[in-house]
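A.B. asks: Output the structure for:
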Amino acid sequence: MSAAPGVDAVVLVGGKGTRLRPLTLSAPKPMLPTAGVPYLSHLFSRIRAAGITHVVLGTSYRAEVFEEYFGDGSAVGLELEYVVEETPLDTGGAIRNVFDRVRAENAVIFNGDILSGADLGALVGTHRSTGADVTLHLQRVDDPSRFGSVPTDSSGRVTAFLEKTPNPPTDQINAGCYVFKRSAIESIPAGRRVSVERETFPGLLEAGAHVHGFVDASYWLDVGTPEAFVRGSADLVRGVAPTSALPGPVGEALLLEGAKVADDASVTDGSTLGAGAEVGAGARISGSVLFDGAVVGEGAVVERSVLGKGARVGAGTVLRGVVLGDGAVVGSGCELLDGARVWPEMTIADGAVRFSSDA
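C.D. replies: As a prediction, this is how the structure comes out:
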């Protein structure tokens, strides 16, 4: 369902992505290669498919990287504008900070680290048909105790915003996507930090504004951690998560230009091999992301891991749930498990064993 006309998009991409370090030392989180292209390319494909063409990016950390890559947006069929956040403003403050660039009566606001299959046209349609001031995408999840919950009444109006609790009254959580009337954006205090969950949304409810819930159970994933990042990339490659920006066919693996895989090696479970990446004889790559130029030696096993640009893994080494920074080197016969991270350009000696600690 089309969301256009009369709707803009705002994408908030100002975070530093600390949970994904060391990968985000060289690039902002939304620009990390995800199923072969920057994560933002997948989000832009959904925005464009919904008929929205004007997109404002709220940037901060490494702000220049976004414009250097996407420019004016014409290459992806959009008109892009950029607003730099000089000091951290939190989500509400970041939304208010782009107000002057919002032209349409309504704007769909996206957190820049959520992978979602929600029907954007239906979301905007609900917002318009109910006459809401703000409409929230609410996702049903199996374990809502990990999140703040958002109950709604029988008509779909939001009644409260609750903090994390062991026994939440609903399985509906804030999914990080909202539709705001322009007037609701303008009502947010300008020039300071504002939390949408703790200040904006409760304040709107107290003022009698109509805050509506669009409840959904489609694909949804916060890709802000290494574990979720590799899962999201694999889901895009396998066609589980929606995108029209995948640079190749849906399948068990995505190999970019110049990637080489030995005849008896295996690359499965939605793995991506960046341009020029190499996988040696007998190696097994499963559910992982290898950035451009990464090399995996003979007989190595790489599962649910991310290998930064130019990273190297020695023969017979095992990586499970590991992040290697750009240019990192792990010697032969090593075993790195359970969240171990190796920082850019660092070397791990042959035969080392490490568990969930920074190297």
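A.B. asks: Need the residues that contact stretch 280-288.
C.D. replies: With contact meaning C-beta atoms under 8 Å, 6 or more residues apart in numbering, stretch 280-288 is reached by 230-231, 234, 253, 262-273, 279, 295-307, 315. Any C-beta I mention is one placed from the backbone N, CA and C, and that applies to glycine too.
A.B. asks: are any of those buried, and which?
C.D. replies: 230-231, 234, 253, 265-267, 269-273, 279, 295-307, 315 (16 or more other C-beta atoms under 10 Å).
A.B. asks: Return the residues in contact with the closest residue to Phe229 other than its chain neighbours.
C.D. replies: In this structure, Phe229 finds its nearest non-sequential neighbour in Val223, 5.0 Å apart by C-beta to C-beta, 6 or more residues apart in numbering. Val223 makes contacts with Lys29, Thr34, Tyr39, Asp113, Ile114, Leu115, Phe229, Arg231, Gly232, as judged by C-beta under 8 Å, 6+ apart.
A.B. asks: Nearest to Ser183, out of these: which one, please.
C.D. replies: Of all the contacts of Val223, Ser183 sits closest to Ile114, with 25.1 Å by C-beta to C-beta.
A.B. asks: With Asn97 as the reference, measure out to the residue lying closest to that closest one once chain neighbours are set aside.
C.D. replies: Spatial nearest neighbour of Ile114, chain neighbours left out: Gly176 (4.5 Å); criterion: C-beta to C-beta, 6+ apart. Per C-beta to C-beta, to the nearest Å, Gly176 is found 17 Å from Asn97.
A.B. asks: These two: who's more crowded?
C.D. replies: Between Gly176 and Asn97, counting by other C-beta atoms under 10 Å, Asn97 is the more crowded of the two (26 against 20).
A.B. asks: from memory that one sits against Thr87, does it?
C.D. replies: No: the pair Asn97 and Thr87 does not pass the contact test of C-beta atoms under 8 Å, sitting 9.9 Å apart.
A.B. asks: Between these two, which contacts overlap?
C.D. replies: With C-beta under 8 Å, 6+ apart, Asn97 and Thr87 have no common neighbours.
A.B. asks: Following element in sequence after the lengthiest strand in the chain, please.
C.D. replies: Counting by DSSP state E, the longest strand found in the chain is strand 172-181. Once strand 172-181 ends, the next helix or strand along the chain (criterion: DSSP states H and E) is helix 182-186.
A.B. asks: buried ones in that following helix?
C.D. replies: In helix 182-186, counting by 16+ other C-beta under 10 Å, buried: Ala184, Ile185.
A.B. asks: As CSV, could you dump the C-alpha coordinates of that helix?
C.D. replies: Written as CSV, here are the backbone C-alpha positions of helix 182-186 (Å, rounded to 0.1, in the frame of the first residue of the first chain):
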residue,chain,number,x,y,z
ARG,A,182,4.0,18.4,11.6
SER,A,183,2.3,20.2,14.5
ALA,A,184,3.3,17.4,16.9
ILE,A,185,6.9,17.7,15.8
GLU,A,186,6.8,21.5,16.4
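A.B. asks: ok, back up a step: quick one: distance of the longest strand of the chain to the chain centre.
C.D. replies: 15 Å (C-alpha atoms, centre = their mean, to the nearest Å).
A.B. asks: now the residue nearest the centre of the chain: how far from Arg46?
C.D. replies: In the chain, the centroid-proximal residue (C-alpha atoms, centre = their mean) is Asp113; its distance is 2.7 Å. Per C-beta to C-beta, Asp113 is found 14 Å from Arg46.
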